[in-house]
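Participant: Next input, structure requested:
(chains A and B)
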Amino acid sequence: MEGVSFEVVRSFNLSVFLVPFLPLLASVITLIFGKRYLREKPYILPVSALLLSFLISLKLLVDVLSGKIYEFDLYQWMVVGSLKVGLGFLVDPLSVMMLCMVTSLSFLIHVYSIGYMKGDPGYYRFFSYISLFTFFMLILVLSNNLIQLYLGWEGVGLCSYLLIGFWYEKKSASDAAKKAFIINRIGDFGFALGIFAVFYYLGTLYYHEIFPRLPQIAQTYINIGSYEVHLPFLISFLLFCGAMGKSAQVPLHTWLPDAMEGPTPVSALIHAATMVTAGVFMVSRLHPLFELSPHAMAMVALVGLITCFMAATIAPTQFDIKRVVAYSTLSQLGYMFMACGVGAFAVGMFHLFTHAYFKALLFLGAGSIIHALHHASDPNDIRIMGGLKRFMPITFWTFLIASLSIAGIPGFAGFFSKDEILVYAYFSQYPWGKLVWFVGLLVAGMTAFYTFRIFFKAFFGEFKGVEALHGHYPHESPKVMTIPLIIISFGAIFSGWLGIPEALGGGAHFQRFLEQVLGHPKLLPVDHAVEYLLMVLSIVAGLMGIGIAYLVYVKKPALEVFFSYKFKVIYNFLYRKWYFDELYHRVFVVPTLWLARTVVNLVLDSFVIDHTVNGSAKTTAFSASLFRKLHSGIVNYYNWFILLGVVIYLIYIFIR
Amino acid sequence: MADFGLLSAILWFPLLGIAAIIITNRSRPDTIKVIALITALIDFILSILLLYRFDFTNANFQFVEKIPWLDVINSFYFLGVDGISVLFVPLSTLVTLLCILISWYSIEEKVKEFYLALLFTNIAMVGVFLSLDLLLFYVFWEALLIPMYLIIGIWGGPRRIYSTIKFFLYTFFGSIFMLAAIIYLFLQFGTFDYTLLIGKTFTPQVEKLLFLGFLLAFAVKVPMWPFHTWLPDAHTEAPTAGSVILAGILIKLGGYGMVRFLLPLFPQATLFFAKLILVLSVIAIIYAGLACLWQDDLKRLIAYSSVSHMGFVTLGIFSLNPIGINGAILQMINHGIVTGALFMCVGVIYDRTHSRAINYYGGLATTFPLYAALFMIFTLASIGLPGTNGFVGEFLILQGAFMKDKAMVIFAATGVIIGAAYMLWLYQRVFFEKPVSGVFNLPPLRWNELLSLIPMVLLIFLIGLYPNPFLDFMKTSVSKILANIP
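Facilitator: The predicted structure is shown next:
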């Protein structure tokens, strides 16, 4: 721990224990008894459990603010040889901030789901899964070692799988669920190798033991083939693979847009506010490791930057409201990694915090619209919306707040955190800081544009869904949904006020609080005049984005069609999401299946035994009919002899 | 020894049941089943008693019984358990017990013979794990083939004859080389006593040949690539109980044999061949995983996944460090539980629909939800999700292997991705999407099916969340074995 000294409490603490385990208990009971005994009200236990968890988290926040840190092991999980790892908890500024964010949003989204999911045959199952998700997310956040982080990490992945595939009778939903899990497994493959390497080179998996030992490997290089690789870079890279999967960064991002097949509250909680930010959390948690290698930092910044830009180019071309918001999530996650990549981890976490609220609000707003249009065959399509302002005033106002926040309009939460990222990038000592700033500024304008594209298309103009809704008109959602919307709007405004920068007369309390664990970024001397200029630029970018959106989608709707025809090639390239899915299908899926088919079909699989069996059977007096059966395998003696030769040769070499 | 006779009791108790079944009239199948069930239950309780009395701080053999058996060739009836074998005894008796339960309604022909065969299997399995005399070990090792041969050959599917011959010839072929090696050891040192043979030295060539002799027997049983092709055939044609015994115990004998014999008796050769076996393990993991992606038969897919998982086990054993070997032994237990459960699950729907074809099914999650939930848990354990036992085993094995050979682990770990791909795809095809016509109105899970599957679920989470008690049993014995390896 840097800076202020904390008092570390190492004994068992019931409050810390209850925060994750209350939702678990609620989930298990609801799953087992929900169908039979809680038919109408399966949400009672999960909602109360989450409320309690949230209140306890607030209490823990007060404890940490007063200088306490909790760290203890619940029990020893695996003890073998030199490996010793427990199931334990660490409550410090970083994790307590995440606790408050996760439990508050999860609670509100649970409440929202009471209305949103009403009438679904899987009502109880939904609440059980989403509570279970919250448990794993809290385990992830609270972990004091890498293996438990991995437990939470894969656990949230499982819940994500179950919830994306919640409506599993739809093929697209079960495909999307499977895709999410497998792509995350690819990232976790690297993550696991990183964990093995940490244990191998540092001899421990506990954070508090890893950090002091890092100097041992600071200058270590290992040989891979003929290359000398800096060990901290290698480990950071492997661990970052996990982050790319979970936080949907290029090239492992393709699962997140498809994940929108899940119910909207799931998209808000899991695929916007909490789970997908786990990668940023992990990188921040392990920041001393990443900071050992400038290359690792550059990698984090670059991956964030590419994702940030790419997603912002795709979002304006999509017509599914949830997919647009999903691409904006990719893009905002890119911002967070950009912040990490310039060493401003606390600022990255600040954006993670504000983003959780305004993005959840955006998703829940979209959910409210979808709820209103549920009679349509595709209620997500923004082309059947329009003029909704009239029908759903609360949704309109809250959606507006969320949009202003993500567009970076002063006074709203997103402004403060995004602006801090741009300022820190600009003044960063890392040479790629200026590039990050420039792309960040560009994307800020694009973000405002595509967010207001859906805003204008949904709420302004004439309602275009009369036919799709078979004459029904949309209506405002019930109170159980709108009240959470209103509460979260406060978060989407005021969460940013916790970290108003010094230049605007604030104390940047949020960042200072986290910097106690996340360290201070390395900055060039900050010129306040330049800082103000940067702010003005980003505000201008945001306003321009909104202005262009207004022009194209309200004033001159013909422009949209004009542009999509004029630049058809680019438009198609963006509309097809840079062809990533097609590319992966051709490069990975098809060859793997071809290999699988080859393995099964070719002689390979019947060579050794079938021929041995054939030969031996010959000497035994079995009937001719049986004999024919035995010969039904593929006979390819050439291969068999080649293999035999290889085996004999190998044996010769070994025994010689 | 205060507990003298406990091992013999566990080993031979099923004989009582066998005698009782023999004198029961075959027109009373229910009585036969109840007798078999009670016998297996008592045997299981006895083996739990063994765990309870076992002192895991002691690395030596415990509950030792040694009585001259064949004086002429200096062979003894010599039983004992240490940390390597002690967990396999209750696993064997548990598997027998659950096999009796799961077959309750599905075996209707030759009921008497079936339960006799199962109880004989139990004796042979336990015998293999308890024997410390090489000849005795060999006798049980081969004796196990007979009831297995009958179970597959009589109660199996349409191509059962082909499968049994393949199974029998192949495993028998491997064992012959082990027998030759055992005879060589006897001629050289005049004893079959395992404890006396430890620490004997050989010339390098002889040691390597003896190692290969044993290895061949074990490699076929595991089965290691490229000796695996008997397994999918045997599994596909076997009745559910046969598959469960194959997956739960029989293929574990190979891994057990490696830890019990190869490492302690031939340490130099072990070091020499370790790299080769690591390579074969990785090939098995990836090759069998890929094969799983292109299966249209439920049982065949799970059989290939066994080959892949056993690749992890051999990888862990030949990491030759405590993390890898403890992980491998634990993973054998885990695999017995998880794959055994998966085969039981297949049996459950096969009994109802008489189809093993994956594309026969679809939408079972809607029509058979409890079953879908159970199958999901076993799927997750199979793909090593943290919190389940599969994760603990795989993690320890890969961590151990990483310390031995990093490049191997990079390849082996891809097996984890492939594993997720084929299991989730299987799950999607069978359980998700709209229900197909063949899966409506399936009878709900019966009492015997629930009683067989629920213990597996409990064990999956118990070992997954609190593996330490299980690891404690084996740790000291593993350290002792590793102390011999330079």
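
Participant: make it CA atoms for all contacts and neighbour counts henceforth
Facilitator: Noted.

Participant: Quick one: mean pLDDT for stretch A:292-309?
Facilitator: If you average the pLDDT over stretch A:292-309, you get 94.

Participant: C-alpha coordinates for that stretch, CSV please?
Facilitator: The C-alpha trace of stretch A:292-309 is given here as CSV (Å, rounded to 0.1, in the frame of the first residue of the first chain):
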residue,chain,number,x,y,z
LEU,A,292,7.1,-2.9,-14.7
SER,A,293,6.9,-3.1,-18.5
PRO,A,294,6.4,0.0,-20.7
HIS,A,295,5.5,-2.4,-23.5
ALA,A,296,2.7,-3.9,-21.5
MET,A,297,1.4,-0.4,-20.8
ALA,A,298,1.6,0.4,-24.5
MET,A,299,-0.3,-2.8,-25.3
VAL,A,300,-3.1,-2.0,-22.9
ALA,A,301,-3.3,1.6,-24.3
LEU,A,302,-3.2,0.4,-27.9
VAL,A,303,-5.8,-2.4,-27.5
GLY,A,304,-8.1,0.1,-25.7
LEU,A,305,-7.6,2.7,-28.4
ILE,A,306,-8.3,0.4,-31.3
THR,A,307,-11.4,-1.0,-29.6
CYS,A,308,-12.6,2.5,-28.6
PHE,A,309,-12.3,3.8,-32.2
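
Participant: tell me, how many neighbours does residue A:557 end up with?
Facilitator: Neighbouring residues of residue A:557 were enumerated by other Cα atoms under 10 Å in any protein chain shown; the total is 14.

Participant: Against residue A:459, how distant is the closest residue to it other than its chain neighbours?
Facilitator: Closest residue to residue A:557 apart from its sequence neighbours, by Cα to Cα, 6 or more residues apart in numbering or on different chains: residue A:551 at 7.9 Å. Distance of residue A:551 to residue A:459, given as Cα to Cα, to the nearest Å: 15 Å.

Participant: between those two, who's got more neighbours?
Facilitator: Legend: neighbour count by other Cα under 10 Å for residue A:551 and residue A:459, higher for residue A:459 (23 against 15).

Participant: mind listing what that one touches?
Facilitator: With contact taken as Cα atoms under 8 Å, 6 or more residues apart in numbering or on different chains, residue A:459 is in contact with A:385, A:386, A:387, A:388, A:389, A:390, A:396.

Participant: Between those, which sits nearest residue B:451?
Facilitator: Checking the contacts of residue A:459 against residue B:451 by Cα to Cα gives residue A:385 as the nearest, at 53.8 Å.

Participant: Quick check: that closest one touching residue A:468?
Facilitator: No - Residue A:385 is beyond contact range of residue A:468, at 9.9 Å (criterion: Cα atoms under 8 Å).

Participant: For these two, indicate the residue with more neighbours.
Facilitator: The residue with more neighbours, out of residue A:385 and residue A:468, is residue A:385; 27 against 17, by other Cα under 10 Å.

Participant: Angles on the backbone of the more buried one, please.
Facilitator: Residue A:385 adopts backbone torsions of phi -90, psi -160, taken as degrees, to the nearest 10.

Participant: Could you check the pLDDT of the residue lying closest to it once chain neighbours are set aside?
Facilitator: With Cα to Cα, 6+ apart as the criterion, residue A:385 has its nearest non-adjacent residue at 4.9 Å, and that residue is residue A:458. pLDDT recorded at residue A:458 is 90.

Participant: Can you name the residue of the stretch 301-450 of chain B nearest chain A?
Facilitator: When distances are taken as Cα to the nearest Cα, the stretch 301-450 of chain B reaches nearest to chain A at residue B:433, 3.6 Å away.

Participant: center of the chain - which residue?
Facilitator: Assuming you mean chain A. Centroid-nearest residue in chain A, with Cα atoms, centre = their mean: residue A:276, separated by 1.4 Å.

Participant: contacting residues for that one?
Facilitator: A:246, A:247, A:248, A:270.

Participant: Quick check: chain neighbours aside, which residue is closest to the first one?
Facilitator: What sits nearest to residue A:246 in space, not counting adjacent residues and going by Cα to Cα, 6+ apart, is residue A:276, at 5.5 Å.

Participant: For residue A:315, see how far away that neighbour is.
Facilitator: Distance from residue A:276 to residue A:315, by Cα to Cα: 18 Å.

Participant: can you tell me the average pLDDT over the strand ranked longest in chain A?
Facilitator: The residue-count maximum for a strand in chain A (DSSP state E) belongs to strand A:68-80. Per-region confidence: strand A:68-80 scores 91 on mean pLDDT.

Participant: in it, what's buried?
Facilitator: Residues of strand A:68-80 classed as buried by neighbour count (16 or more other Cα atoms under 10 Å in any protein chain shown): A:68, A:69, A:70, A:71, A:72, A:73, A:77, A:78, A:79, A:80.

Participant: Which residues are in contact with residue 82?
Facilitator: You didn't pick a chain, so chain A it is. With the criterion set at Cα under 8 Å, 6+ apart, residue A:82 makes contact with A:203, B:323.

Participant: think we crossed wires, I meant chain B
Facilitator: The contact partners of residue B:82, by Cα under 8 Å, 6+ apart, come to B:59, B:60, B:61, B:62, B:474, B:477.

Participant: And for the last one, the neighbour number?
Facilitator: When you say that, I think you mean residue B:477. Other residues close to residue B:477 by other Cα under 10 Å number 22.

Participant: Could you see whether chain A lies near the host helix or strand of it?
Facilitator: Assigned by DSSP states H and E, residue B:477 belongs to helix B:468-484. Yes - interface with chain A: helix B:468-484 contributes B:468, B:471, B:475 (Cα under 8 Å from any Cα of the partner chain).
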